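Asker: Just to be clear, the model below is a prediction. Sequence and coordinates:
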2 protein chains.
Amino acid sequence: MNEIESSALPPRGPAEHAIREQIVAAAEQHFSRYGYEKTTVSDLAKSIGFSKAYIYKFFDSKQAIGEAICSKTLSAIIAAVEEAVAGATTPTEKFRRMFKALTTTSVSLFFNDRKLYDIAASAAGEGWPSARGYAQRIRQILADIVREGRETGEFERKTPLDETVHAIYLVVQPYANPLLLQHNLDLVEAAPVQLSNLVLRSLAP
Amino acid sequence: MNEIESSALPPRGPAEHAIREQIVAAAEQHFSRYGYEKTTVSDLAKSIGFSKAYIYKFFDSKQAIGEAICSKTLSAIIAAVEEAVAGATTPTEKFRRMFKALTTTSVSLFFNDRKLYDIAASAAGEGWPSARGYAQRIRQILADIVREGRETGEFERKTPLDETVHAIYLVVQPYANPLLLQHNLDLVEAAPVQLSNLVLRSLAP
């Protein structure tokens, strides 16, 4: 799977790639201790032992570093969802597993250790490229499942595909967007199953 | 329609009722200017020109005053929803209007003038009786519509009623709960229609 698009500058060679990774790893630790919003690039530079100017050689801004971290996390969620889907044989089962994996992995990455929530919330709230890429990928996976179900005759074909996929995305979104998910944490066990059942009833031919 | 249950002390007579209303109206103004979270009962007493002790004769706590305001607002939303439902003839149309009225009225009361959001968010986040009563009433209205649709043969009858109603409630809830709704404000025009279509497909016999 490709990494989700990030607004950070592209890596230019193996050595620079290693330094970028070092900055991202250090930033992740620093953000987890002090929070993303409260940290400045100066704080970060000081804690890594680099000059601020040196960090700016690799990243345009604090957001670009946040983007790199966020992009890694969202890619991990997509990977978990893709793995769950790949393990299922029917489109019905693929949808169920997708919803479950999406919720479980999001909760575990955003909330179990709280460190990434702050960054993911900024990404979702401000429409960062990584968050937009993530939403697009989720829609794409949904579209693939619905299309397959229509081809096998498991799902109805009367409703325009785009309309069906968009409406299902709206049902799933409160469990994939960390800003909404934070208020749904008491529902994450049962809701994906209950909502999957409703969505699958709506897809019946 | 009954006022949604509130934890405030019940009114004890016409004169006391008038004073309670006066305190609530003054509190509403005060909260709208300074915010619910930041205001204390002392601030409130000072601004109304009552003693703190006198206010405590009518309300147990700041939350009890907030509850009274919240209860009024949530009752207004329920009234708008009930009016919308009453204007429709078929269960299908009732559901569509219910979802639309719920979202529109919630946005207008919680967000158009921001003054009530703060209180409603506390109510929803902390599970105040008014918020719980509101959620119950929404479920009740949903259950009535689904039951009627089953009786007229417009909706399917295989799925247990409770299961159907609960799943639909989960679909509606991000547009009825102010904590979730604040992140969905860009969706409030289109989403109720798109989600109503999905829910109605799931209800097809």
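Answerer: Sure thing, it's come through.

Asker: what does chain A put close to chain B?
Answerer: For chain A, the residues in contact with chain B (CB under 8 Å from any CB of the partner chain) are A:125, A:156, A:159, A:163-164, A:166-168, A:170-171, A:174, A:177, A:179-180, A:183-184, A:187, A:191, A:194-195, A:197-199, A:201-204. C-betas here are computed from N, CA, C, even on glycine.

Asker: gap between the residue nearest the centre of chain A and chain B?
Answerer: Nearest to the mean C-alpha position of chain A, by CA atoms, centre = their mean, lies residue A:74 at 3.0 Å. Between residue A:74 and chain B the computed distance is 17 Å (CB to the nearest CB, to the nearest Å).

Asker: Could I get the phi/psi values of the nearest residue to that residue once chain neighbours are set aside?
Answerer: The shortest distance from residue A:74 to any non-neighbouring residue, by CB to CB, 6 or more residues apart in numbering or on different chains, is to residue A:134 (4.1 Å). Dihedral angles of residue A:134 (phi, psi; degrees, to the nearest 10) stand at phi -60, psi -50.

Asker: how many neighbours does residue A:134 have?
Answerer: 25 (other CB atoms under 10 Å in any protein chain shown).

Asker: And it, how close does it get to residue B:80?
Answerer: Remark: distance between residue A:134 and residue B:80 (CB to CB, to the nearest Å) = 36 Å.

Asker: ok, back up a step: need the buried ones from the residues of chain A next to chain B selected in PyMOL.
Answerer: In PyMOL, a selection of the buried entries from the residues of chain A next to chain B looks like this (16 or more other CB atoms under 10 Å in any protein chain shown):
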select buried, chain A and resi 156+159+164+166+167+168+170+171+174+177+179+180+183+184+187+191+194+195+197+198+199+201+202+203
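
Asker: And for stretch A:41-50, what's in contact with it?
Answerer: Contacts with stretch A:41-50, where a contact means CB atoms under 8 Å, 6 or more residues apart in numbering or on different chains, come from A:22-23, A:26-27, A:30, A:34, A:51-52, A:54-56, A:61-62, A:65.

Asker: between those residues, which has the most around it?
Answerer: residue A:65 (28 neighbours).

Asker: Which element, helix or strand, includes the closest residue to residue A:54 other than its chain neighbours?
Answerer: Distances taken as CB to CB, 6+ apart put residue A:45 closest to residue A:54, at 7.4 Å, once the chain neighbours are dropped. Per DSSP states H and E: residue A:45 is located in helix A:41-48.

Asker: Any buried residues in that helix, and which?
Answerer: By neighbour count with 16+ other CB under 10 Å, helix A:41-48 contains the buried residues A:41, A:43, A:44, A:45, A:48.

Asker: Let me know the distance separating the last one from chain B.
Answerer: Right, the one you point to is residue A:48. Distance of residue A:48 to chain B, computed by CB to the nearest CB: 33 Å.

Asker: Likewise for the third one?
Answerer: In this structure, residue A:44 lies at 28 Å from chain B, with CB to the nearest CB as the measure.

Asker: hey, where'd the helices end up in chain A?
Answerer: A:14-34, A:41-48, A:52-58, A:62-86, A:91-107, A:117-126, A:129-151, A:161-172, A:178-181, A:191-203 (DSSP state H).

Asker: May I see those helices organised as CSV, with mean pLDDT and distance to residue B:105 added?
Answerer: CSV is the format used below for those (pLDDT from 0 to 100; distance: least, CB to CB, whole Å):
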stretch, mean pLDDT, distance to residue B:105
helix A:14-34, 85, 40
helix A:41-48, 89, 45
helix A:52-58, 93, 49
helix A:62-86, 92, 35
helix A:91-107, 96, 29
helix A:117-126, 83, 25
helix A:129-151, 95, 28
helix A:161-172, 97, 20
helix A:178-181, 87, 21
helix A:191-203, 98, 24
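
Asker: hang on, the earlier thing: touching, the residue nearest to the centre of chain A and residue A:128? I think so.
Answerer: No - the criterion here is CB atoms under 8 Å, and residue A:74 misses it with residue A:128 at 9.8 Å.

Asker: can I see the domain layout of chain A?
Answerer: Domain segmentation of chain A under automatic domain parsing yields A:14-60, A:65-203.

Asker: gap between the two ends of the last one?
Answerer: With CA to CA, to the nearest Å as the measure, the ends of domain A:65-203 fall 41 Å from one another.

Asker: Any buried residues in stretch A:104-113, and which?
Answerer: Judged by neighbour count using 16+ other CB under 10 Å, the buried positions of stretch A:104-113 are A:104, A:105, A:106, A:107, A:109, A:110, A:111.

Asker: Oh, that last question was meant for stretch A:15-35, not what I typed.
Answerer: So, applying 16+ other CB under 10 Å, buried residues of stretch A:15-35: A:19, A:20, A:23, A:24, A:26, A:27, A:28, A:30, A:31, A:32.

Asker: ok, now how distant is the last one from residue A:116?
Answerer: To tie it back to what came earlier, the one meant is residue A:32. Residue A:32 is 8 Å from residue A:116, by CB to CB.

Asker: ok so, going back, TSV for the domains of chain A, including distance to residue B:143?
Answerer: Putting the domains of chain A into TSV (distance: least, CB to CB, whole Å) gives the following:
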stretch	distance to residue B:143
domain A:14-60	43
domain A:65-203	15
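
Asker: Quick check, pLDDT for residue A:204.
Answerer: Residue A:204 carries a pLDDT score of 96 in this model.

Asker: Not including adjacent chain positions, what is the nearest residue to it?
Answerer: Residue A:204's closest residue in space is residue A:156 (CB to CB, 6+ apart), at 6.4 Å.

Asker: Relative to residue B:189, how far out is that neighbour?
Answerer: 26 Å.

Asker: And for residue A:161?
Answerer: 22 Å.

Asker: again with residue A:121
Answerer: 24 Å.

Asker: and these two? which has more neighbours close in?
Answerer: Taking neighbours as other CB under 10 Å, residue A:121 and residue B:189 compare with residue A:121 leading, 21 against 11.

Asker: Check the offset of stretch A:79-90 from the chain's centre.
Answerer: Averaging C-alpha positions (CA atoms, centre = their mean, to the nearest Å) puts stretch A:79-90 16 Å from its chain's average.

Asker: same check, this time on stretch A:50-70
Answerer: Computed by CA atoms, centre = their mean, the separation of stretch A:50-70 from the middle of its chain amounts to 21 Å.

Asker: Now the terminal residues of that stretch, how far apart.
Answerer: Across stretch A:50-70, the terminal residues are separated by 22 Å (CA to CA).

Asker: cool, and stretch A:168-179?
Answerer: 19 Å.
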